[in-house]
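Peer 1: give me the fold of what follows.
(chains A and B, ligands or ions: 1)
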Amino acid sequence: MKAVIIGAGLGGLLAGAKLTKAGYDVEIFERLPFIGGRFTNLPYKGFKLSTGALHMIPHGSRGPLAQMLKEVGANVTIIDSNPIAVIRKENNEIIAFHDFRNELSLTKQVKLGTVLSYSRKFKPRSEISFRDWVLKYFDDEFLFKLADSFCGWALSLKAKDVPAREMLEIIDNMYLYKGSGIPLGGCSAVTDALSGIIRSNDGRIHTQSNVERIIIDNDMAKRVIVNKKTIDADIVISDIGHFETSRLYESEDLEYSDKISNVKPSKGIKICLSSDEQLIGHSGVFFTPYAQRINGINEVTNADPSLAPPGKHLVMSHQTLISDDLEAEINLGLLDLQQLFPGKEYDVLLIQSYSNGWPVNRASSGNDNGNRTPVENLYIVGDGAKGKGGIEVEGVALGVRNVMAEIGVS
Amino acid sequence: MKVSVECVGCGQCAAYCSFDAIIIFGRASMNENCIECGECVKYCPLSAITESI
Ligand SMILES: Cc1cc2nc3c(=O)[nH]c(=O)nc-3n(C[C@H](O)[C@H](O)[C@H](O)COP(=O)(O)OP(=O)(O)OC[C@H]3O[C@@H](n4cnc5c(N)ncnc54)[C@H](O)[C@@H]3O)c2cc1C
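Peer 2: Next up, the predicted model:
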């Protein structure tokens, strides 16, 4: 069986590793000169920045991605963060994430326990947003701000744009898998290990190879056109999202076309800092609910000092894009950093922004359309088709798991 | 080099530029160090960079 994979991002590489292991003849085509997509290292001034991700695996060494890496034999060391996360309060005090309940009145604490355990069992069926869901039970400014900070960091969305149902799935996964971790060597430790597995199983990965067309015959994908050459396929897996994939062939399924054109990618800004001294002191998430724009920050060199030159720290902040004025948004982020680390010296290395065709998440959480397409043997993986409750790369792994189940690869 | 409206400001081009010629602030722009070598073109995920004519 010949599988053609479009895109060597994390989704394409995970699918490729699973399929080569199952005996498929796999050929992956990647448009860029390097593999890994938005999950690989970007060498910059001696630092290992990244093309996208903040070098963080949301559920650490026990999550769905870590599990799948083990299954395919990809050797990646994931350093679990301890503490997993902290919260910076309005008065600058820092508390452990799981102690956020103590910030509420005793009545609200009790209510939160009851509401959470009820709602996790009986997820809201309506389209109610996470913000409105919180508002329904609690009128509490701290909880609102924390919800926005969490959704902004993990999903690059405001709580009002995340369905409560999806957020409760995420909370389930947090109880189940815990979190978070940093791969030793950064993002590319994951994607390079996967490409190693694919190649050692005789799979082929071609860079600078743009897939221009998918040829459909009798509702089946028969071949793809890459740099003007034709490649036959028994199955095609696309790592570039539903919408971009649909532009490579003609579909008469109007309902599908309609559904996938409504999906909104999530936008965000990452600011990469270099510092001589520690700004955070651990590799967990530093949530900043009271900052104007920044949702959270991490300092990955506490897990892996090799991500920066000797004696330096690499600190990265993330913020959701709120308005369309990108420059104003960046300036607000920079101002936040000054206020969060008063008197500290750091240099701004690179400010990276993401939207539209190169977003934080191709389908914002709760907006996924599954992995199937109107074409029977054409599947979508990656962050345009995540599994339920899967935060970012965990969702990518869950989506790949769904596709493997559909085609009968265990 | 010319940068189109497709540019989102991801900075990939700047990291691969050998001449420190690309400034990123919401989008990419070239400074006077740029020698039009065109190396950045292939690193743009959105094909937003072209040679200026
Ligand atoms: C600022 C930021 C911070 C993030 N932080 C985190 C984090 O800390 N933790 C986390 O888990 N996730 C994080 N994410 C999300 C994570 O990076 C993505 O979910 C993940 O990398 C997506 O992988 P993918 O395989 O779906 O897509 P991609 O990585 O985009 O892969 C798709 C590949 O397909 C290629 N391609 C496109 N079109 C074609 C074509 N026609 N022919 C051939 N190739 C093509 C592209 O060049 C690309 O390499 C972050 C993202 C951003 C932007």
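Peer 1: for chain A, what helix or strand is lowest in average pLDDT?
Peer 2: Taking mean pLDDT, DSSP states H and E as the measure, helix A:164-177 is the helix or strand of chain A with the lowest mean score, a mean of 88.
Peer 1: residues making contact with it?
Peer 2: Helix A:164-177 has contacts (Cβ atoms under 8 Å, 6 or more residues apart in numbering or on different chains) with A:59-60, A:62-64, A:116, A:119-120, A:123-125, A:128-130, A:132-133, A:151, A:154, A:159, A:365-366, A:388-391, A:394. Bear in mind the C-beta positions are built from the backbone N, C-alpha and C, glycine included.
Peer 1: does that helix come close to the ligand?
Peer 2: No. Remark: helix A:164-177 sits outside contact range of the ligand, by Cβ under 6 Å from any ligand atom, the gap being at least 12.4 Å.
Peer 1: may I see the buried residues of that helix?
Peer 2: A:164, A:165, A:166, A:167, A:168, A:169, A:170, A:171, A:173, A:174, A:177 (16 or more other Cβ atoms under 10 Å in any protein chain shown).
Peer 1: how close does the fourth one get to residue A:212?
Peer 2: It stands for residue A:167. 39 Å (Cβ to Cβ, to the nearest Å).
Peer 1: enumerate the residues of the stretch 51-200 of chain A near chain B.
Peer 2: Residues of the stretch 51-200 of chain A lying close to chain B by Cβ under 8 Å from any Cβ of the partner chain are A:51, A:52.
Peer 1: up against the ligand, what does the stretch 151-300 of chain A have?
Peer 2: A:210, A:211, A:239, A:240, A:268, A:270.
Peer 1: from residue A:212, how far out is the last one?
Peer 2: So the one you mean is residue A:270. Residue A:270 is 31 Å from residue A:212, where distance means Cβ to Cβ.
Peer 1: then residue A:233?
Peer 2: 14 Å.
Peer 1: and these two? Which one has more around it.
Peer 2: residue A:233 (22 against 13; other Cβ atoms under 10 Å in any protein chain shown).
Peer 1: now do the contacts for the more buried one.
Peer 2: Neighbour list for residue A:233: A:2, A:3, A:4, A:221, A:222, A:223, A:224, A:377 [criterion: Cβ under 8 Å, 6+ apart].
Peer 1: apart from its chain neighbours, what residue comes closest to it?
Peer 2: Counting by Cβ to Cβ, 6 or more residues apart in numbering or on different chains, residue A:233 lies nearest to residue A:4, which is 4.0 Å off, once chain neighbours are set aside.
Peer 1: chain B contacts on the stretch 301-410 of chain A?
Peer 2: Checking the stretch 301-410 of chain A against chain B by Cβ under 8 Å from any Cβ, the hits are A:326-327, A:330, A:350-359.
Peer 1: adding secondary structure, write those residues out as TSV.
Peer 2: Compiled in TSV, these are given as follows (DSSP: H, G, I helix; E, B strand; the rest coil):
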residue	secondary structure
A:326	helix
A:327	helix
A:330	helix
A:350	strand
A:351	strand
A:352	strand
A:353	strand
A:354	strand
A:355	strand
A:356	coil
A:357	coil
A:358	strand
A:359	coil
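Peer 1: filter those residues down to the buried ones.
Peer 2: A:326, A:330, A:350, A:351, A:352, A:353, A:354, A:355, A:357, A:358, A:359.
Peer 1: backbone dihedrals for residue A:337, please?
Peer 2: Main-chain dihedrals, residue A:337, degrees, to the nearest 10: phi -60, psi -40.
Peer 1: what's the local residue count around it?
Peer 2: Using other Cβ under 10 Å, residue A:337 has 21 other residues around it.
Peer 1: can you name the residues that contact it?
Peer 2: A:271, A:273, A:294, A:317, A:346.
Peer 1: repeat the analysis, applying 7 Å as the threshold.
Peer 2: Residues in contact with residue A:337, defined by Cβ atoms under 7 Å, 6 or more residues apart in numbering or on different chains, are A:271, A:294, A:317.
Peer 1: which SSE is the second one in?
Peer 2: In this assignment (DSSP states H and E), residue A:294 forms part of neither any helix nor any strand.
Peer 1: quick one, what contacts it?
Peer 2: A:288, A:317, A:319, A:333, A:336, A:337.
Peer 1: again, but for residue A:213
Peer 2: Counting by Cβ under 7 Å, 6+ apart, residue A:213 makes contact with A:224, A:225, A:248.
Peer 1: now it, what are its backbone angles?
Peer 2: Note on residue A:213: backbone dihedrals following degrees, to the nearest 10 are phi -160, psi 150.
Peer 1: bridged to it, which residues?
Peer 2: Beta-bridge partners of residue A:213, counted by DSSP bridges, are residue A:225.
Peer 1: before we move on, back to that, of the residues of the stretch 151-300 of chain A next to the ligand, which belong to strands?
Peer 2: A:211, A:268, A:270 (DSSP state E).
Peer 1: about what we covered before: for the buried ones among the residues of the stretch 301-410 of chain A next to chain B, which one is nearest residue B:47?
Peer 2: residue A:357 (9.3 Å; Cβ to Cβ).
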